[in-house]
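In: All I have is the shape, not the residue letters:
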């Protein structure tokens, strides 16, 4: 800290603090931006009233329950089904089982 104060003027420090007030820097801000994107995607896929808070990491909270392997597989299947539904609407047809997606008809 002393090196920073020795090298930077009070004007430069004030500008940095003002910038941080307008556009905060740091890990929390990055987590919030990612959570916002997740919330938008979840709502577009039919997520019922999710908010960015639902996707923010909760460090140090007690009562945390670890998901079982079966729960993780069920979630992965729901995500895959949602992606396949979007792909089918976007491309106008569903991919046939056993067919490569990059192969022309």
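Out: Arrived safely, thanks for sending. Worth saying up front: this structure is predicted, and the values here are computed from it rather than measured.

In: show me the contacts for residue 29.
Out: Residues near residue 29 by C-beta atoms under 8 Å, 6 or more residues apart in numbering: residue 23. The way it works is simple: take the backbone N, C-alpha and C, and place the C-beta from them, glycine included.

In: Need phi/psi at it.
Out: Dihedral angles of residue 29 (phi, psi; degrees, to the nearest 10) stand at phi -60, psi -40.

In: Same check on residue 25?
Out: Dihedral pair for residue 25: phi -110, psi 160, per degrees, to the nearest 10.

In: can you tell me how far it sits from residue 6?
Out: Distance, residue 25 to residue 6, using C-beta to C-beta, to the nearest Å: 22 Å.

In: The two - which one has more neighbours?
Out: The neighbour comparison of residue 25 against residue 6 (other C-beta atoms under 10 Å) goes to residue 25, with 10 against 7.

In: What ranges does the protein have for its strands?
Out: Per DSSP state E, the chain carries no strands over any range.

In: Go through it and flag its longest helix.
Out: helix 69-91 (DSSP state H).

In: List the buried residues in that one.
Out: residue 82 (16 or more other C-beta atoms under 10 Å).

In: Which pLDDT value goes with residue 75?
Out: Residue 75 is assigned 90 on the pLDDT scale.

In: now it: how far from residue 21?
Out: 38 Å.

In: repeat for residue 71
Out: With distances taken as C-beta to C-beta, residue 71 is found 41 Å from residue 21.
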